[in-house]
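**Q** Here you go, sequence then predicted model.
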Amino acid sequence: VQLVESGGDSVQAGGSLNLTCVASGRTPKRYCLGWFRQAPGKEREGLATIYPVDGSTRYADSAKSRFTISQDSAKNILYLQMDNLKPEDTAMYYCAAGVPNQGGSCLYGYWGQGTQVTVS
């Protein structure tokens, strides 16, 4: 599976961005997709996960009220709509793909190269 993100940009606080991740290659019957970010000097942070088999989503507390994950399964495109952006959202944003484990969490094994979001 290959993942390519786009849509990162420099925006002012309060603005919005819609990140895109195009997936190519073979995907397993049951898979999951997610968005992560990593700011300089900080650990990678999971933001949101979507399970295409039933469309269910999960969000980290930091993303619940302002970010929305969605998917166009026909086009193999993953989105992250980000609203009311804040300077602390500045980071490199990554999409990832994986398979659900028995506990329902997503085990990520494929990563994109990232797209930079800068909020001033």
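**A** That came through fine.
**Q** what about Lys86, how many residues close to it?
**A** 12 (other C-beta atoms under 10 Å). Backbone N, C-alpha and C define where each C-beta goes, glycine included.
**Q** Please go through this protein and pick out the longest strand.
**A** strand 91-100 (DSSP state E).
**Q** So which bits of it are buried?
**A** Residues of strand 91-100 classed as buried: 91-98, 100 (neighbour count, 16 or more other C-beta atoms under 10 Å).
**Q** do the same with stretch 46-59
**A** With the criterion 16+ other C-beta under 10 Å, stretch 46-59 contains buried residues 46-51, 58-59.
**Q** try stretch 111-120
**A** 111-112, 114-115, 117, 119.
**Q** can you tell me which two in these are farthest apart?
**A** Trp111 and Val119 (22.7 Å; C-beta to C-beta).
**Q** In strands, which of the buried residues of stretch 111-120 fall?
**A** 111, 115, 117, 119.
**Q** Out of these, which comes closest to Asn84?
**A** Val119 (10.1 Å).
**Q** what sits against the closest one?
**A** By C-beta atoms under 8 Å, 6 or more residues apart in numbering, Val119 lies in contact with 10-13, 15, 85-90.
**Q** so what's Ala96 closest to, chain neighbours aside?
**A** Tyr108 (4.2 Å; C-beta to C-beta, 6 or more residues apart in numbering).
**Q** Could you look up the SS state of that neighbour?
**A** Secondary structure state of Tyr108, per DSSP: H, G, I helix; E, B strand; the rest coil, is strand.
**Q** what are the bridge partners for it, then?
**A** In this entry, Tyr108 is beta-bridged to Gly98, by DSSP bridges.
**Q** Model confidence score at it, please.
**A** For Tyr108, the pLDDT comes out at 95.
**Q** Check Leu19 too.
**A** 98.
**Q** Name the helix or strand for the nearest residue to Ile69 once chain neighbours are set aside, please.
**A** Using C-beta to C-beta, 6+ apart and skipping the chain neighbours, the partner closest in space to Ile69 is Ala48 (3.9 Å). For Ala48, the host element (DSSP states H and E) is strand 45-51.
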